[in-house]
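> Any chance you could fold what I've pasted below:
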Amino acid sequence: MCHRGFLPAQERQARSRLAQILHQKPLLIGSLVSMSRVCGKPGCKCAQGELHPGLYLSLRVGEKRKMIHVPQSLEAQVRQWVGTYQEVWGLMEKVSEACYQRFFQEKQRARGKRS
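Okay, here's the model as predicted:
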């Protein structure tokens with residue numbers, strides 16, 4: 001890889017922000033899902049159709065999708081962590097796009113040298 005100074009400004013900024021986030025903030029890979037559920041208690045209002053709302057963290061563990069209930073006391077924190085992951089993912093896409101462009105240019109250059 002070349003020295004950072006030779007990278008395009010947008011890629012340098014994305015890499016810098018990515019490193020900063022990874023060193024300073026926790027993150028959770030997953031998505032937040034709102035679902036309404038039945039608790040199973042016979043006399044509860046949910047037995048008549050008024051379901052209990054809840055927030056769940058949806059994540060992949062191996063080949064399976066897992067849903068983990070998020071208590072209200074942790075909701076804000078978990079939202080931040082998932083938001084951090086989404087920001088990291090977006091920055092990684094920017095870096096990857098810049099690397100793809102470099103790859104494509106190198107490939108074109110290599111093709112030109114063979115001719």
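> Quick check on P42: phi, psi?
The phi and psi torsions at P42 (degrees, to the nearest 10) take the values phi -60, psi -40.
> Report how many residues lie close to it.
Neighbour count of P42, defined by other C-beta atoms under 10 Å: 5. All C-beta atoms are positioned from the backbone trio N, CA, C, and that covers glycine.
> Can you tell me how far it is from A76?
Distance, P42 to A76, by C-beta to C-beta, to the nearest Å: 34 Å.
> what does Q48 give?
From Q48 across to A76, the span is 31 Å (C-beta to C-beta).
> do G54 as well
15 Å.
> And the strands in the protein?
For the chain, the strands defined by DSSP state E occupy 31-37, 52-61, 64-70.
> quick one: average pLDDT of the second one?
Strand 52-61 shows a mean pLDDT of 94 in the predicted model.
> where are the low-confidence patches of this structure?
For the chain, the stretches with pLDDT under 70 are 1-5, 114-115.
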